[in-house]
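Engineer: pasting the structure only:
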Ligand SMILES: Nc1ncnc2c1ncn2[C@@H]1O[C@H](COP(=O)(O)OP(=O)(O)OP(=O)(O)O)[C@@H](O)[C@H]1O
């Protein structure tokens, strides 16, 4: 996912029965009321299997009865006397036919109820999973979020999240298959124990053969996840850097890379199909082998012919359940890598700022004060800002200046409470920012930067940015940002549709939309991080004088232009003292 992510555990190939327990443990962390859901679904599935077994047994008896006249005794239903002791059953042909039809109808009904419930539960699990993953992406600390590849996050939310409902469905089917195998097995023991014994031996050989495929399935799952991730990443970067790709004439190169990765994805799916076909073939051959053994040895087995026939048919009907059992186990191996991705993201710690309660703040009355503040990014050794102390006074304008890399954006991110000082303290009107309610603090602030993240939508949508802001405020903000004129010159004015790239807008026009977005919420504290760098000087001056007409706002401006810095009442210079004195 990214270079700092928690790695999927590189376990050696685990025994296949342990993998079921491992998946169950993982799912318990992800699916609420897992036991209840699985129990209901497994019982329904097993009842379906049971009605099938009754149907098969009665069908065989019915075939034998077809030539007979009058009522029949329990001996026609080979296994019943043995099962219930020597109770004498007297069933007429119509009753037998009735029970047979009843069990077929019950099987159809249960099968249908089963699929409907399974579909509802699985969709619910997928919905909840996507919501949880999305919420987690929004909840993790900003610094941690920056460690992730965006394309990987999209992949986990949109694709890997399905692994959870698939694993749940596989475990349920596995339970149903297992339960049905046990029930069919008991039926076979009652009808013809030597055949059941042969079946059991077959089961052991079968499971042993299955073990050979486990490791391959697990590796296949991991390489499928890696291949899809690489493909999404390439597509994402191609789209993100489309202009650069075209300017450098790299279309062919990207196409070749895409084709190579796409072939890899296709290959993993083909390998998966191939392995599925191979395991299915092994299972079919083994079943055929055991049935052939029964047929060849039927003369020597101490079993009633009708009972042997019923048991053999049961064994044959058992085959899809055995095959199902195999494929569920193997897909549980294959899902391991996807589930690890989901669990890895969900195990990220939430940003404590968003969850911990704090004192609410309704306005900035005095000042934001940095007291001996340092900040060091994770995985770096040198601090981005070191032992800074300064004040930003309420209602005044302040310029933050300094060379590239001196820590201006880092400071703004700390004011926005995206990052917290690793040393020292920031106070707001004398109170530690860390103790102030995060969302009430953000209500006071707005920020606009050099690169404006536009979204799919109209000009209105882009300025409103999914907040409850009136049209009047949007138009006012566009006026202050000197954006009204060019917006109204667009064919549909404020209703003009802008893509996330907004290609029809110049860099300066995009920045003015971003500025209007920041102003529209009428923030008490406005932060501009090189937010007017693409504007010509006279428009930039116009924007700042329009903003000055709205007094009472605290304005913090980062700019490399001395003229802009001079417009501000206060100045915080981040150049080292030596450099400052050299420059005078
Ligand atoms: N996410 C990050 N992880 C690690 N280091 C970072 C990160 N973001 C910034 N830095 C480093 O912190 C230092 C300060 O960066 P910052 O972006 O705050 O500087 P700046 O003054 O805003 O620069 P500019 O004027 O070029 O925008 C730089 O050395 C930069 O490489």
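Structural biologist: Looks like it arrived, so ask away. Not measured: the values here are computed from a predicted model.
Engineer: neighbours of residue 46, how many?
Structural biologist: The tally of other residues near residue 46 (other C-beta atoms under 10 Å) stands at 19. Every residue, glycine included, has its C-beta placed from N, CA and C.
Engineer: nope, residue 118 is what I was after
Structural biologist: For residue 118, the neighbour count with other C-beta under 10 Å is 20.
Engineer: can you tell me the helix or strand for it?
Structural biologist: helix 93-139 (DSSP states H and E).
Engineer: ok, now residue 289?
Structural biologist: Going by DSSP H and E, residue 289 is in helix 251-297.
Engineer: next one: residue 526
Structural biologist: Residue 526 is part of strand 525-529, with elements assigned from DSSP H and E.
Engineer: relative to that strand, what are the paired strands and their orientations?
Structural biologist: strand 445-449 (parallel), strand 554-558 (parallel) (DSSP bridges).
Engineer: pick the most deeply packed of these.
Structural biologist: For the strands paired with strand 525-529, the largest average neighbour count (mean count of other C-beta atoms under 10 Å) is found in strand 554-558, namely a mean of 23.
Engineer: which other helices and strands does the helix or strand following that strand contact?
Structural biologist: As assigned by DSSP H and E, the chain's next helix or strand after strand 554-558 is helix 562-567. Under the contact definition 3 or more C-beta pairs under 8 Å, 6 or more residues apart in numbering; DSSP states H and E, helix 562-567 sits against strand 397-401, helix 537-548.
Engineer: for the residue in the stretch 201-350 of the chain positioned nearest to the ligand, which non-adjacent residue is spatially closest?
Structural biologist: Relative to the ligand, the nearest point of the stretch 201-350 of the chain is residue 348 (16.5 Å; C-beta to the nearest ligand atom). Using C-beta to C-beta, 6 or more residues apart in numbering and skipping the chain neighbours, the partner closest in space to residue 348 is residue 140 (4.7 Å).
Engineer: for the one you found, phi and psi?
Structural biologist: With angles defined as degrees, to the nearest 10, residue 140 sits at phi -70, psi 150.
Engineer: so what's the residue count around it?
Structural biologist: Residue 140 has 20 nearby residues by other C-beta under 10 Å.
Engineer: buried residues in whichever helix or strand comes after the helix holding residue 118, which are they?
Structural biologist: Per DSSP H and E, the first helix or strand lying C-terminal to helix 93-139 is helix 142-145. For helix 142-145, a neighbour-count test (16 or more other C-beta atoms under 10 Å) marks 143, 145 as buried.
Engineer: can helix 142-145 be found next to the ligand?
Structural biologist: No. Contact of helix 142-145 with the ligand (C-beta under 6 Å from any ligand atom) is absent, the minimum separation being 6.6 Å.
Engineer: pLDDT on that helix, on average?
Structural biologist: Averaging pLDDT along helix 142-145 gives 87.
Engineer: pull the residues that contact that helix.
Structural biologist: The contact list for helix 142-145 (C-beta atoms under 8 Å, 6 or more residues apart in numbering) reads 137, 348-349, 351, 377-378, 413, 418-419.
Engineer: need the max-distance pair from these.
Structural biologist: Farthest pair in the contacts of helix 142-145 (C-beta to C-beta) is 137 and 377. Separation: 20.1 Å.
Engineer: about what we covered before: let me know the angle separating the strand holding residue 526 from helix 537-548.
Structural biologist: 160 degrees (axes from the mean of the first three to the mean of the last three C-alpha atoms, to 10 degrees).
Engineer: what about strand 525-529, near the ligand?
Structural biologist: No. Using C-beta under 6 Å from any ligand atom, strand 525-529 stays clear of the ligand, coming no nearer than 7.4 Å.
Engineer: could you check the angle strand 397-401 makes with that strand?
Structural biologist: Between the axes of strand 525-529 and strand 397-401, defined by the same axes, to 10 degrees, the angle is 30 degrees.
Engineer: residues in contact with the residue most central in space within the chain?
Structural biologist: When C-alpha atoms, centre = their mean is applied to the chain, the residue found nearest the centroid is residue 157 (2.8 Å). Contacts for residue 157 (C-beta under 8 Å, 6+ apart) come out as 130, 133-134, 137.
Engineer: any chance of a markdown table for the residues you listed, columns distance to residue 253?
Structural biologist: Below are those laid out as a markdown table (distance: C-beta to C-beta, whole Å):
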| residue | distance to residue 253 |
| --- | --- |
| 130 | 34 |
| 133 | 33 |
| 134 | 34 |
| 137 | 31 |
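Engineer: hmm, back to that, which of residue 137 and residue 377 has more residues huddled nearby?
Structural biologist: Per other C-beta under 10 Å, whichever of residue 137 and residue 377 has more neighbours is residue 137, with 17 against 14.
Engineer: pretty sure the more buried one contacts residue 152?
Structural biologist: No. Contact criterion C-beta atoms under 8 Å: residue 137 and residue 152 do not qualify, at 10.7 Å.
Engineer: burial of the residue of the stretch 1-150 of the chain found nearest the ligand, as a residue count?
Structural biologist: For the stretch 1-150 of the chain and the ligand, the shortest gap (C-beta to the nearest ligand atom) falls at residue 146, measuring 5.0 Å. By other C-beta under 10 Å, 14 other residues sit near residue 146.
Engineer: from residue 154, how far off is it?
Structural biologist: Separation of residue 146 from residue 154 (C-beta to C-beta, to the nearest Å) stands at 16 Å.
Engineer: ok, residue 227 next?
Structural biologist: Shown here: residue 227 relative to residue 154, a distance of 16 Å by C-beta to C-beta.
Engineer: now residue 560
Structural biologist: The value you get for residue 560 to residue 154, if C-beta to C-beta is used, is 34 Å.
Engineer: again, but for residue 514
Structural biologist: 24 Å.
Engineer: so between the two, which is more surrounded?
Structural biologist: residue 514 (26 against 14).
Engineer: give me the low-pLDDT residue ranges for the stretch 451-584 of the chain?
Structural biologist: Judged by pLDDT under 70, the stretch 451-584 of the chain has its weakly predicted residues at 500-503, 576-584.
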